[in-house]
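Chemist: dropping a prediction and its sequence here:
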Amino acid sequence: MSAMAVPEPGHPTLAGRVILIAGATGGLGEAAALACTAAGAQTVLLGRRVPRLNRLHDRLQAQGAAPALYPLDLEGATPDDFADLAARIGSELGRLDGVLHVAAHFDGLTPLEHTDPAAFARALHVNLTARWWLTQACLPLLRASGDAAVVFAVDDPARVTGAYWGGYGLAQAGLAALVGMLQAEFGDAPVRVTGLVPPPMRTPLRAKAHVEAEDRIARDPVEVAATCVELLSEAGRPWRGQLRSHAAEARA
Ligand SMILES: NC(=O)c1ccc[n+]([C@@H]2O[C@H](COP(=O)([O-])OP(=O)(O)OC[C@H]3O[C@@H](n4cnc5c(N)ncnc54)[C@H](OP(=O)(O)O)[C@@H]3O)[C@@H](O)[C@H]2O)c1
């Protein structure tokens, strides 16, 4: 089942690890799926659109990998659905060593006063609650790994808790808190939790924000995918319980 790509010497390796990528068909998700595969991981690709998952599968298969696909819409998925996902990973792949959360729902900048109540609830659910439910269901497998990482992509809370970011922005503040809260509860358990705060990236999500100043500085998600690999690998240990901004250094 494992990917056949050989990681370059000196680069973080994910050889022998099973990594679940939630949001694998997004801008960062796809780049991360390719990078994790190149680093030697067996990936499980979660996305809601089967044709996009199939296209990504074919790209990875052309590189000699055999990713597992898991179509699931995080909006409608229940805790039982996440338990089924974890059970399938356990029975078919035997282990789980990392979860990368890069699925995100964003409708665009809107004043709270004019936000449809259902859209507000959806943004909080997909961006925060579903991420936690998925993580919670996977914890027994992650604890058994011996060195597991949960990495949440978090949009800079200092930026997205300003005007018009709505439920998406509030969810990011919640995610930032979740990283510290979970790690405090896990203590020295072999499961580490990290928040990755990417720079503005050229993806469909950023295009919905219409922040013109970001057009000049937006990065290719491929650059950020390398950081995802690092945080999922042993090299991510110094970032236990922390938020990592792109190119930042861990606190001692
Ligand atoms: N782009 C930026 O500038 C930027 C900056 C800071 C932080 N981030 C964070 O980086 C992460 C990745 O964002 P991105 O820029 O790669 O966004 P993106 O290209 O829009 O990808 C988001 C992914 O989430 C999936 N998704 C949305 N709703 C879903 C649902 N209900 N169920 C399952 N999947 C769902 C989308 O699926 P479909 O493919 O089916 O639409 C898409 O694959 C996010 O956590 C975001 O908050 C991004």
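Modeler: Good, I have the coordinates. Numbers count the residues shown, from 1 in each chain.
Chemist: what about the host helix or strand of residue 229, distance to the chain center?
Modeler: Using DSSP states H and E, residue 229 sits in helix 221-232. Mean C-alpha position of helix 221-232 versus that of the full chain (Cα atoms, centre = their mean, to the nearest Å) differs by 10 Å.
Chemist: in it, what's buried?
Modeler: 221, 224, 225, 226, 227, 228, 229, 230, 231, 232 (16 or more other Cβ atoms under 10 Å). For every residue, glycine as well, the C-beta is placed using N, CA and C.
Chemist: restricting to the residues you listed, which residues neighbour the ligand?
Modeler: Taking Cβ under 6 Å from any ligand atom as the test, the ligand is in contact with residue 221 out of the buried residues of helix 221-232.
Chemist: from the buried residues of helix 221-232, pick the one nearest the ligand.
Modeler: residue 221 (6.0 Å; Cβ to the nearest ligand atom).
Chemist: was I right to think the closest one contacts residue 27?
Modeler: Yes. Look at residue 221 against residue 27 with Cβ atoms under 8 Å: they come within range, at 4.7 Å.
Chemist: what sits in contact with each of these two?
Modeler: The contact sets of residue 221 and residue 27 overlap at 201, 202, 203 (Cβ atoms under 8 Å, 6 or more residues apart in numbering).
Chemist: kindly write the PyMOL command that selects the buried subset of these.
Modeler: If you want just the buried ones from these in PyMOL, going by 16+ other Cβ under 10 Å, the selection is:
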select buried, resi 201+203
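Chemist: mind pulling up the pLDDT for residue 124?
Modeler: You'll see residue 124 listed with a pLDDT of 98.
Chemist: show me which residues of the chain sit near the ligand.
Modeler: Proximity of the chain to the ligand is confined to 23, 25-29, 47-49, 52, 73-75, 102-105, 126, 153, 155, 198, 200-201, 203-206, 221 under the rule Cβ under 6 Å from any ligand atom.
Chemist: so which of those are in strands?
Modeler: For these, membership in strands holds for 47, 153, with DSSP state E as the criterion.
Chemist: and residue 18, what are its phi and psi?
Modeler: phi -100, psi 120 (degrees, to the nearest 10).
Chemist: show the contacting residues for it.
Modeler: Residue 18 makes contact with 41, 42, 43, 44, 89, 93, 94, 95, 96, 97, 98, according to Cβ under 8 Å, 6+ apart.
Chemist: just the buried ones from these, in PyMOL syntax?
Modeler: Buried residues among the contacts of residue 18 (16+ other Cβ under 10 Å), as a PyMOL selection:
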select buried, resi 41+42+43+44+89+93+95+96+97+98
